[in-house]
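Novice: Generate coordinates for the sequence data below:
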Amino acid sequence: MKKQNNGLIKNPFLWLLLIFFLVTAYQYFSTGSVAGKSEQINYTELVKEITDDNVKELTYQPNGSVIEVSGVYKNPKTSKEETGIQFFSPSATTVEKFSSIILPSDTTVSGLQKLASDHKAEVTVKHESSSGMWINLLVSIVPFGILFFFLFSMMGN
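Specialist: Sure, this is the predicted structure:
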């Protein structure tokens, strides 16, 4: 009896393409939903928001050679979410959180802490995260490991 060759299932390129599109779609939609709730601001905007009494709390977390500052606004802001796809019109979203990156100099950190203290913003300091790099590495490599597993298992048949 002759085995029927189904080209769709045997073709490893189609499986590779399918997995690539699934991973890309997942990353696009998972980062898109988080982007509407938080925004990246620069140091000047951070100082302005604290001075305007619009910051409820700040969190400092060292990350390599910089310090990540994140926080929560007292009054949420409205911003337009921009997507890379031109067919969708940007929708207005409410932004409650922000993040910024500052240099770890003593004058910058002490000046920001004094400013936050003067404007009654709660300040929290966290330890440097060491697991973040490993999690990012796993999330980046695991899909390709699965992809290569499927690719080599199909070539063996």
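
Novice: Within the sheet, what are the partner strands of the strand ranked longest in the chain, with directions?
Specialist: Ranked by residue count and defined by DSSP state E, the top strand of the chain is strand 66-80. Counting by DSSP bridges, the strands paired with strand 66-80 are strand 55-63 (antiparallel), strand 92-102 (antiparallel).

Novice: CA atoms of the helix or strand following the longest one as CSV?
Specialist: Going down the chain from strand 92-102, the next helix or strand is helix 106-118, by DSSP states H and E. Coordinates of each C-alpha in helix 106-118 appear next as CSV, following Å, rounded to 0.1, in the frame of the first residue of the first chain:
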residue,chain,number,x,y,z
ASP,A,106,23.9,61.3,43.2
THR,A,107,22.7,64.8,42.2
THR,A,108,20.0,63.6,39.9
VAL,A,109,18.6,61.0,42.3
SER,A,110,18.8,63.3,45.4
GLY,A,111,17.2,66.2,43.4
LEU,A,112,14.4,64.0,42.2
GLN,A,113,13.8,62.6,45.7
LYS,A,114,13.7,66.1,47.3
LEU,A,115,11.3,67.3,44.6
ALA,A,116,9.1,64.2,45.2
SER,A,117,9.2,64.8,49.0
ASP,A,118,8.3,68.5,48.6
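
Novice: What is the next helix-or-strand element following helix 106-118 packed up against?
Specialist: Following helix 106-118 in sequence order, the next helix or strand is strand 122-125 (DSSP H and E). Applying 3 or more Cβ pairs under 8 Å, 6 or more residues apart in numbering; DSSP states H and E, we find strand 122-125 packed against strand 55-63, helix 106-118. Bear in mind the C-beta positions are built from the backbone N, C-alpha and C, glycine included.

Novice: Quick check: buried residues in the shortest one?
Specialist: By that I understand strand 55-63. 55, 58, 60-61 (16 or more other Cβ atoms under 10 Å).

Novice: Could you export these to TSV, including columns for distance to residue 67 and pLDDT?
Specialist: Compiled in TSV, the buried residues of strand 55-63 are given as follows (distance: Cβ to Cβ, whole Å; pLDDT from 0 to 100):
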residue	distance to residue 67	pLDDT
55	16	91
58	11	91
60	6	90
61	7	88
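
Novice: Mind listing the strands the helix or strand where residue 39 lies pairs with, and their directions?
Specialist: Using DSSP H and E, residue 39 falls within strand 38-40. Strand 38-40 pairs in its sheet with strand 92-102 (parallel), by DSSP bridges.
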